[in-house]
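[1] Any chance you can model this:
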Amino acid sequence: MNNYFDYAASTPISNAVLDAMNPWYTECFSNPSAVHTEGQKASKAIENAREIIAKKIGAMPSEIIFTSGASEANNMALKGLAFQYLNDKCHIITSAIEHKCILNTCSFLEKIGFDVTYISPNEHGEISPEKIKRAIREDTKLISIHHVNNELGTIQPIAEIGAIAFEHDILFHTDTAQSFCKLDIDVDDMNVDMLSLSGHKIYGPKGIGALYIRDARYSDIVPLIHGGGQELGLRGGTSPTPLIVGLAVAIETFPKEKSYKHYNFEEIIKTYRVNRNGGSNFLPTIWSVTFINDDEVKSFFNQHLWYVSQGSACNSITNISSHVLSAIGLDKDQARRTYRISLPSYYLSIC
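    Residues are numbered from 1 along each chain as shown. Model prediction:
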């Protein structure tokens, strides 16, 4: 669809991914936990995918746990850590502009006795490492800050935050649903202890993601799903071989060039009176723009029939203003005139 510009919400599955997945649905469909030859063939494909993901972020294959997506991975990271402290509870630090799955998980944890500090961003949606440092307490056990904001495209200083967490012996988790494959990530250099990722943001299938857990074999993370011992006992359930294979191929075939061009996109935007949100350090494919008035909005959409979002796809379910836009200081009228235009990532490789 040439007028679809909501790629931060979801991407189409690529032909390469689809072709790679099909045989695992119709021919090599065996349960990868089975001990016979066909089962071991599926198991080998899964381990190969684990290696591909691990290499992409500088991790070990044994540290990659497959999930149904980034939302489950985020829940597993936060709840899996918190559930170790059900008796004494603990303190968690996150930001006020995280994805709703993080904020709703934190809200749940607060209801059962945990203490959560929500760091406010500046007007550009940037989270200050110094604010995080000042929020640390003796009972702080986890810091969770996303790599790229899904509405603004703002890139957070993950390495600086990771260094602070490491200095204070606190686990650090980051949600990379919007940055995985688009920005360079090294979990050691960034001092990341847990990392969530998703397949359907990078031309892979929906329903698959992963959680990186440092030294997963020896982790005390409490499973959300108990099963037959799959994924080191940290996430039960029959492994979805086709989806896992699809995720790996999506990573291998994702655009690698960093040059950016999208026909006359910037020229088109500049002909309208808009303010761009998100500061100067942002992902090139995510644009949050606030039109100066309703006439500008009408003029734009009368001339450009683009599929875009107001806020994130998750926020569009309700009529409430985006929590991200409110956090950076936009009022209700400004939020109503704000749209997220997210471009296909393959334009990163078009010169």
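[2] What residue, apart from its backbone neighbours, is nearest Asp175 spatially?
    Of all residues not flanking Asp175 in the chain, His146 sits nearest, at 4.2 Å (CB to CB, 6 or more residues apart in numbering). No exception for glycine: its C-beta is placed from N, CA and C like everyone else's.
[3] Kindly state the pLDDT recorded for the one you found?
    With respect to pLDDT, His146 scores 98.
[4] cool, and Asn3?
    85.
[5] And for Pro284?
    88.
[6] Over to Ala313?
    51.
[7] hmm, back to that, so who does the residue nearest to Asp175 touch?
    With contact set as CB atoms under 8 Å, 6 or more residues apart in numbering, His146 has these partners: Ser95, Ile97, Glu98, His99, Ile102, Gln156, Thr174, Asp175, Thr176, Ala177, Gln178.
[8] What's the separation between Asp295 and Asp331?
    18 Å (CB to CB, to the nearest Å).
[9] Likewise for Pro255?
    Counting by CB to CB, the gap from Pro255 to Asp331 is 37 Å.
[10] And these two? Which one has more around it.
    Pro255 (17 against 10; other CB atoms under 10 Å).
[11] okay, that one: pLDDT?
    For Pro255, pLDDT reads 80.
[12] do the one 4 residues further on as well
    Here the pLDDT value assigned to Ser259 is 45.
[13] Over to the one 10 residues further on?
    According to the prediction, Ile269 has pLDDT 85.
[14] what's the answer for the one 4 residues further on, then?
    pLDDT, the model's per-residue confidence, is 94 for Arg273.
[15] Ramachandran angles for it?
    Phi and psi for Arg273, reported as degrees, to the nearest 10, are phi -90, psi 100.
[16] repeat for the one 4 residues further on
    Reported as degrees, to the nearest 10, the phi and psi values for Asn277 are phi -100, psi 150.
[17] now it: how far from Ile164?
    From Asn277 to Ile164 the distance is 26 Å (CB to CB).
[18] With neighbour numbers in mind, choose between these two.
    Asn277 (26 against 19).
[19] wait, that one sits on Arg337?
    No: using CB atoms under 8 Å, Asn277 makes no contact with Arg337, being 11.4 Å away.
[20] tell me, what's touching these two both at once?
    Contacts common to Asn277 and Arg337, judged by CB under 8 Å, 6+ apart, are Thr290.
[21] Check which element follows the biggest helix by length in the chain along the chain.
    As assigned by DSSP state H, the longest helix anywhere in the chain is helix 37-57. Using DSSP states H and E, the helix or strand that follows helix 37-57 in sequence is strand 64-67.
[22] now what about the following helix or strand past that following strand, what contacts it?
    Using DSSP H and E, the helix or strand that follows strand 64-67 in sequence is helix 70-82. For helix 70-82, the external contacting residues (CB under 8 Å, 6+ apart) are 65, 67, 90, 92, 99, 101-102, 105-106, 108-109, 114, 141-142, 144, 171, 173, 175, 177, 194, 196-198, 201, 209-211, 213, 221-224, 234-235.
[23] got the buried residues for the next helix-or-strand element following helix 70-82?
    Once helix 70-82 ends, the next helix or strand along the chain (criterion: DSSP H and E) is strand 91-95. By neighbour count on 16 or more other CB atoms under 10 Å, the buried set for strand 91-95 is His91, Ile92, Ile93, Thr94, Ser95.
[24] swap in stretch 177-185?
    Using 16+ other CB under 10 Å as the test for burial, stretch 177-185 gives Ala177, Gln178, Ser179, Phe180, Cys181, Lys182, Ile185.
[25] can I get the residues you listed in CSV with secondary structure, distance to Ile46 and pLDDT?
    Formatted as CSV, the entries for the buried residues of stretch 177-185 read as follows, by DSSP: H, G, I helix; E, B strand; the rest coil; distance: CB to CB, whole Å; pLDDT from 0 to 100:
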residue, secondary structure, distance to Ile46, pLDDT
Ala177, coil, 21, 98
Gln178, coil, 25, 97
Ser179, coil, 24, 97
Phe180, strand, 19, 98
Cys181, coil, 19, 96
Lys182, coil, 24, 95
Ile185, coil, 22, 98
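[26] ok, now how distant is Pro61 from Ala248?
    From Pro61 to Ala248 the distance is 12 Å (CB to CB).
[27] tell me, what's touching these two both at once?
    Applying CB under 8 Å, 6+ apart, one finds that Pro61 and Ala248 are jointly contacted by Ile53.
[28] Which one of those two is surrounded by more residues?
    A side-by-side neighbour count of Pro61 and Ala248, using other CB under 10 Å, places Ala248 first with 24 against 15.
[29] Kindly state the pLDDT recorded for that one?
    Ala248 carries a pLDDT value of 98.
[30] Asp193 now?
    98.
[31] ok, now the one 3 residues further on?
    pLDDT recorded at Ser196 is 98.
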